[in-house]
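**Q** Task: produce atomic coordinates for the following.
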Amino acid sequence: MAEIIIVPDEAAGGALVADEIVRLITATPDAVLGLATGSTPVPVYAALRERIGGVDVSRVRGFALDEYVGIDPAHPESYRSVITREVVEPLGLDPALIRTPNGALEGIAHAGDDYEAAITAAGGIDLQILGIGTDGHIGFNEPGSSFASLTRVKTLTQQTREDNARFFDSIDDVPLHCITQGLGTIMRARHLVLLAFGEGKAEALAGAVEGPVSASLPGSAIQLHPHVTVVVDEPGAARLAHADYYRYALANKPAWQGL
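**A** A predicted model of the protein is given here:
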């Protein structure tokens, strides 16, 4: 089962994951990170900025989870712009080593295959950061997505577009399609770190880690992965039936195990 770590707040969760990423990069200077966007991973990136000084990040590689289709890469809410603004520039990463799926309409038919090939050529992803949507999606794998799916174009649900409208002038500006790593792609990463903060994520998180494995709740796919760490704050943990056990297990965890 996933290791579930309940933290007091987002800042504590961000610090915990940032420490693990620093440990990974220190041990593996050319580590491959799977980079999520949205508001959920922001505390991780903020904590990394405080910890990355003195660490050689010149060889760190990264792959974003997804991108909107048809959006100008220079648009401030394209995921290329977000990753550059929140991760690449603050951490001093080499932008040439950080990739996002190509959402340009020209070539979109083979963009997914191209991205899969690039991940494979990089040797796979060492640590994949994930958030979870209120409907249980991870990446942009909406309910009904195949657990074997690879990087491909998906149609966003109305709920996801409404959730993301806060980043745009209006919901009409939120693209209808995206290109996203598939559940099968995500599951090939060597370590999954799923973040869930706030009571709005509590139901989806509980379903993902304690409910049945179902394509109706894409996040539940993590139950099938051998190395998963779930970092959740107290409000996000409100619906977990076994929260006391997770706290007990963490308190008695061997120090050598790490995340």
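
**Q** which residues touch A237?
**A** With contact taken as C-beta atoms under 8 Å, 6 or more residues apart in numbering, A237 is in contact with I4, I6, A202, L205, A243, Y246. Bear in mind the C-beta positions are built from the backbone N, C-alpha and C, glycine included.

**Q** Let's see that with 6 Å instead.
**A** Taking C-beta atoms under 6 Å, 6 or more residues apart in numbering as the definition of contact, the neighbours of A237 are I6, A243.

**Q** What backbone torsions are found at it?
**A** Per-residue torsions, A237: phi -90, psi 0 (degrees, to the nearest 10).

**Q** And it, how far from I222?
**A** Distance check for A237 against I222: by C-beta to C-beta, to the nearest Å, it reads 16 Å.

**Q** Kindly report the same for G34.
**A** Plainly put, G34 is 13 Å away from I222 if you go by C-beta to C-beta.

**Q** likewise F140?
**A** According to C-beta to C-beta, F140 and I222 sit 16 Å apart.

**Q** Just the helices from the stretch 1-150 of the chain, written as ranges.
**A** Under the criterion DSSP state H, counting those that start in this stretch, the stretch 1-150 of the chain contains helices at 10-27, 42-51, 79-83, 89-91, 108-121.

**Q** What is the burial count for the closest residue to V231 other than its chain neighbours?
**A** The shortest distance from V231 to any residue other than its chain neighbours is 4.4 Å, reached at G13 (C-beta to C-beta, 6 or more residues apart in numbering). Using other C-beta atoms under 10 Å, G13 has 26 neighbouring residues.

**Q** I'd assumed T229 was in contact with G13.
**A** No - shown here, G13 and T229 do not form a contact pair, counting by C-beta atoms under 6 Å, at 10.5 Å.

**Q** Who has more neighbours out of F140 and I222?
**A** Taking F140 and I222 together and counting by other C-beta under 10 Å, F140 has the greater number of neighbours (27 against 23).

**Q** these two touch, right, the more buried one and D66?
**A** Yes - distance between F140 and D66: 4.8 Å, which falls inside the contact criterion (C-beta under 6 Å).

**Q** can you give me the strands for the stretch 151-259 of the chain?
**A** The residue ranges that make up the strands of the stretch 151-259 of the chain, judged by DSSP state E, counting those that start in this stretch, are 152-155, 177-180, 191-196, 228-233.

**Q** Having no further points to raise, I will conclude here.
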